[in-house]
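Colleague: can't give you the sequence, but here's the structure:
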């Protein structure tokens, strides 16, 4: 392992196919694994897995989907493009988001940051044997985002070695991938509705860079706008405070933006959107992912955001947007996480009021 490997993370999205093909990779994949995003998108992510760990990772891919898991952290080896750098021990976060798996890949290094990341995950999976020291469990800590019910069509009879319930994952040793039902990859159906948003972590408004589907928010309506346009006014200050904390967590030992564990919260989603800019003050210069200050990475972003808000924020437009029952505001459970290239927010309708 090259000691000069950057301690960064990249955001990755893979599909439900047997090959777990890349759907999206952020730019920092080049810093960590040497590939450009265009070289990976559409190709099997399992091609990068160490041959000794291939079967276990494939089984984990299947079980993560069929059991609708969220905030799973796994430690395994991934291949660098440069053959002289070999395989890199990586920490990989994974959350089922309806019809894709979303998460991040970062360089795994021991220390307080790794302990923090493991302690905030809902489940930790150790694939590479040398990574045993990264396994950290909480005692009697209730699950902050209980799993969605597993559809009957996806239920299989667990083996005796895998008899513990999903509710007690943190209170007992993680089941080994070998103990899980063997994967049978018919086209796997979509899971519970969740939407993943990638936000610009280097801006005060956290503009939405990517929206994974239209299940909870309209992709065309949300992309390019401030994330806070879709947070109810009564919850905005709280959500801003959460994101400030997540940004603070997402800095590595070298002071670079990186991964920072998981945060869980609940807020009211403003489905039709609103104009949240009326409360904004002039932002302080933000830091880009290379650590330098830049007061405005995208000179047109603010004007673009305002022009989009003006389209959606007029009284007539707001009334039109709210006519259908699908535009009513509702409570959502959310998972927040920081990465080198942005912030990720995964939301689903909350079952509690």
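Modeller: Received the coordinates, thanks. Being a predicted model, the structure only gives us computed values, none of them experimental. Residues are numbered from 1 along each chain as shown.
Colleague: mind listing the strands for the chain?
Modeller: Assigned by DSSP state E, the chain shows strands spanning 9-15, 22-25, 72-79, 87-97, 100-107, 123-126, 195-199, 208-211, 262-269, 286-287, 293-294, 330-339, 342-349.
Colleague: any chance of these in TSV, with mean pLDDT too?
Modeller: Putting the strands of the chain into TSV (pLDDT from 0 to 100) gives the following:
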stretch	mean pLDDT
strand 9-15	93
strand 22-25	95
strand 72-79	93
strand 87-97	92
strand 100-107	92
strand 123-126	87
strand 195-199	95
strand 208-211	95
strand 262-269	93
strand 286-287	56
strand 293-294	48
strand 330-339	93
strand 342-349	94
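Colleague: make TSV out of the ones you listed and add distance to residue 57 and mean neighbour count.
Modeller: Where you see a C-beta, it was placed from the backbone N, CA and C, and this is true even at glycine. Converted to TSV, the strands of the chain look like this (distance: least, CB to CB, whole Å; neighbours: other CB atoms under 10 Å):
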stretch	distance to residue 57	mean neighbour count
strand 9-15	11	25
strand 22-25	14	20
strand 72-79	6	23
strand 87-97	9	23
strand 100-107	12	26
strand 123-126	9	21
strand 195-199	21	23
strand 208-211	25	20
strand 262-269	21	20
strand 286-287	34	17
strand 293-294	38	11
strand 330-339	21	22
strand 342-349	21	24
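Colleague: residue 48: which of those strands is closest?
Modeller: Go through those one by one with CB to CB and the one that ends up closest to residue 48 is strand 72-79, at 4.6 Å.
Colleague: list of residues touching the closest one?
Modeller: Contacting residues not belonging to strand 72-79 are listed as 33, 47-50, 53, 56-57, 60, 64, 86-95, 105, 108, 117-118, 121-128, 131, 134 [CB atoms under 8 Å, 6 or more residues apart in numbering].
Colleague: ok so, going back, figure out which of the strands of the chain is closest to residue 247.
Modeller: Where those are weighed against each other on CB to CB, the nearest is strand 330-339, at 5.9 Å.
Colleague: mind listing the strands that closest one pairs with, and their directions?
Modeller: With DSSP bridges as the test, strand 330-339 is paired with strand 262-269 (antiparallel), strand 342-349 (antiparallel).
Colleague: so residue 245 sits against residue 261, correct?
Modeller: No. Counting by CB atoms under 8 Å, no contact exists between residue 245 and residue 261, whose distance comes to 10.3 Å.
Colleague: and the two? Which one has more around it.
Modeller: In terms of neighbours (other CB atoms under 10 Å), residue 261 is the more surrounded of residue 245 and residue 261; the figures are 22 against 14.
Colleague: check contacts around the more buried one.
Modeller: Residue 261 makes contact with 116-117, 119-121, 249, 337, according to CB under 8 Å, 6+ apart.
Colleague: re earlier: need the strands of the chain in a markdown table (columns: distance to residue 240).
Modeller: Rendered in a markdown table, the data for those read as follows (distance: least, CB to CB, whole Å):
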| stretch | distance to residue 240 |
| --- | --- |
| strand 9-15 | 22 |
| strand 22-25 | 26 |
| strand 72-79 | 26 |
| strand 87-97 | 23 |
| strand 100-107 | 22 |
| strand 123-126 | 29 |
| strand 195-199 | 12 |
| strand 208-211 | 15 |
| strand 262-269 | 11 |
| strand 286-287 | 15 |
| strand 293-294 | 21 |
| strand 330-339 | 12 |
| strand 342-349 | 12 |
